[in-house]
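> The sequence isn't on hand, but the structure is:
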């Protein structure tokens, strides 16, 4: 792997192991990663237009161990808070939302680890290894189950068989966490497999109109041998995993809004053409254009602020900020983690859609030219927002606030059992 000039010096300064208990400031973290974000941004439009998967860009981040952000410093990571992670993800998503999105499964996986599991995985992650995702299927499996199977082998290992879709990040990652069903068991399990193992085929066939470069395609598992130690049972242990999953997506959306308004401002500054129906001023002096820029800038800033507040509340819930963690009270932990991200999910996507659509109000018909690719902001934001539908979040929050119904996160997608009773007709 190639290394930037001076990367080792910057890296050593920011991760000085002589004081592994000292928390790194957000500025120190940006000193390490912002140069990489800038490099990633420089080719984002070309990659979008030519469908070039960001293998190289992902490797740049792995050189600096971006995936070890939330691993404690005493365990070889950066020891970043979730608020710091959200700030970095917003900046990364502003550079290229596809690359930021790839880390969703990885960061969620870290959040799900027990203390025993962290002894195995922290060293790997601290060394720069990443974990992708293979959970969702198109096989017609019932909600809460998986058609992908894990079966015992004669030598005590497991054999993994099945096909997954929406395998975000796996094509770039060292490891894949695969949701599977052990025959005879009601709960699903997770198999952790090396992406290079025999029997695994990763296909870049995601056909969505947005986030086209996240490697969100089909993954086939055909007779993959999985060591017994690499199978995790879903035992219902409470973690902040689903909240972290959603926080990453929210940060990606906020980053898209930032990139969109920044690009809009850049184009307004240089625009000389106008309309006879306008004020007769160039765009950068037109009071109506300036007002619209201010409105969109405020919405982008609001989206960022809401995401960072949700991250702070997550940090408080899990004890990162020095308080008492709620890990010994699973439902309280879930409530405290899910509520802030659900609040954010209800409002952030709408703010971001307003920004990514509204930038066209600032410009003329030339703004829709394919060479500018301004549509990528709206397409990517709309695609990210579909991963965890807003319409359900508002209901869950309302039910919790009014009736005390426990909060819960998204952890399963599948076929819903239909009632055999015909619906009565309304008179």
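Thanks, I have it. Computed from a predicted structure; not experimentally measured.
> my read: residue 272 touches residue 285, true?
No. Using C-beta atoms under 8 Å, residue 272 makes no contact with residue 285, being 11.2 Å away. For glycine as for every other residue, the C-beta is placed from the backbone atoms N, C-alpha and C.
> mind listing the helices for the stretch 301-427 of the chain?
For the stretch 301-427 of the chain, the helices defined by DSSP state H, counting those that start in this stretch occupy 330-358, 375-385, 390-403.
> so of those helices, which one's packed in deepest?
Greatest average neighbour count among the helices of the stretch 301-427 of the chain goes to helix 375-385 (a mean of 23), per mean count of other C-beta atoms under 10 Å.
> so that one versus helix 330-358, what angle?
What separates the directions of helix 375-385 and helix 330-358 is an angle of 160 degrees, with axes from the mean of the first three to the mean of the last three C-alpha atoms, to 10 degrees.
> circling back to that earlier point, higher neighbour count, residue 272 and residue 285?
Neighbour totals were compared for residue 272 and residue 285, and residue 285 leads with 10 against 7 (other C-beta atoms under 10 Å).
> how about the more buried one, what does it touch?
For residue 285, no residue meets the contact criterion (C-beta atoms under 8 Å, 6 or more residues apart in numbering).
> Just the pLDDT for it.
pLDDT recorded at residue 285 is 90.
> low-scoring stretches of this structure, by residue?
By pLDDT under 70, the low-scoring segments of the chain are 1-21, 234-238, 320-328, 419-427.
> can you tell me how far the closest residue to residue 102 other than its chain neighbours sits from residue 130?
For residue 102, the nearest residue in space outside its immediate sequence neighbours is residue 169; the separation is 4.1 Å by C-beta to C-beta, 6 or more residues apart in numbering. Counting by C-beta to C-beta, to the nearest Å, the gap from residue 169 to residue 130 is 7 Å.
> Give me the more crowded residue out of the two.
Between residue 169 and residue 130, counted using other C-beta under 10 Å, the more crowded position is residue 130 (27 against 23).
> and the more buried one, what does it touch?
For residue 130, the residues meeting the contact criterion (C-beta under 8 Å, 6+ apart) are 62, 67, 103, 106, 169, 172, 173, 174, 175.
> Please convert the residues you listed to TSV, extending it with distance to residue 335.
Compiled in TSV, the contacts of residue 130 are given as follows (distance: C-beta to C-beta, whole Å):
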residue	distance to residue 335
62	35
67	28
103	26
106	25
169	28
172	34
173	31
174	34
175	31
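> So which of the residues you listed are in helices?
The helices, defined by DSSP state H, take in 62, 103, 106 from the contacts of residue 130.
> Nearest to residue 372 among the residues you listed?
Using C-beta to C-beta, the shortest approach to residue 372 within the ones in helices among the contacts of residue 130 belongs to residue 103, at 27.3 Å.
> where's the residue lying closest to residue 45 once chain neighbours are set aside relative to residue 361, distance?
The shortest distance from residue 45 to any residue that is not its chain neighbour, by C-beta to C-beta, 6+ apart, is 5.2 Å, and that residue is residue 373. To residue 361, residue 373 is 18 Å away according to C-beta to C-beta.
> what does residue 127 give?
Counting by C-beta to C-beta, the gap between residue 127 and residue 361 amounts to 48 Å.
> re earlier: so which of the ones in helices among the contacts of residue 130 would you say is closest to residue 280?
residue 103 (47.8 Å).
> Do a quick rundown of the strands in the protein.
Listed in chain order, the strands of the chain (DSSP state E) span 131-134, 149-152, 158-164, 175-181, 188-194, 200-203, 218-226, 231-233.
> Mean neighbour count, the ones you listed: which tops it?
Across the strands of the chain, the average number of neighbours (mean count of other C-beta under 10 Å) peaks for strand 131-134, which reaches a mean of 27.
> re the thing from before, from the contacts of residue 130, which single one is nearest residue 260?
For residue 260, the nearest member of the contacts of residue 130 is residue 103. The distance, counting by C-beta to C-beta, is 20.8 Å.
> For that closest one, the count of nearby residues, please.
28.
> just checking, residue 344 touches residue 308?
No. Under the criterion of C-beta under 8 Å, residue 344 is not in contact with residue 308, lying 9.6 Å apart.
> For the residue nearest to residue 45, which residues are in contact?
Residues in contact with residue 373 (C-beta under 8 Å, 6+ apart) are 45, 48, 49.
> run the last query once more with 10 Å
The contact partners of residue 373, taken as C-beta atoms under 10 Å, 6 or more residues apart in numbering, are 44, 45, 46, 48, 49, 263, 379.
> now the closest residue to the fifth one other than its chain neighbours: how far from residue 48?
Okay, so that is residue 49. Of all residues beyond its chain neighbours, the one nearest residue 49 is residue 373 (6.0 Å), with distances taken as C-beta to C-beta, 6+ apart. Computed with C-beta to C-beta, the distance linking residue 373 and residue 48 is 5 Å.
> which residues do those two both contact?
In the contact map built from C-beta under 10 Å, 6+ apart, the residues linked to both residue 373 and residue 48 are residue 379.
> Beta-bridge partners for residue 164, please?
As for beta bridges, residue 164 partners with residue 219 under DSSP bridges.
> Report the separation between it and residue 280.
58 Å.
> Same question for residue 66.
Residue 66 is 49 Å from residue 280, where distance means C-beta to C-beta.
> Please say which of the two ends up with more neighbours.
Using other C-beta under 10 Å, the more surrounded residue of residue 66 and residue 280 is residue 66, with 27 against 10.
> how about the nearest residue to that one, chain neighbours excluded?
Taking C-beta to C-beta, 6+ apart as the measure, residue 66 lies nearest to residue 33, with 6.4 Å between them; neighbours along the chain are not counted.
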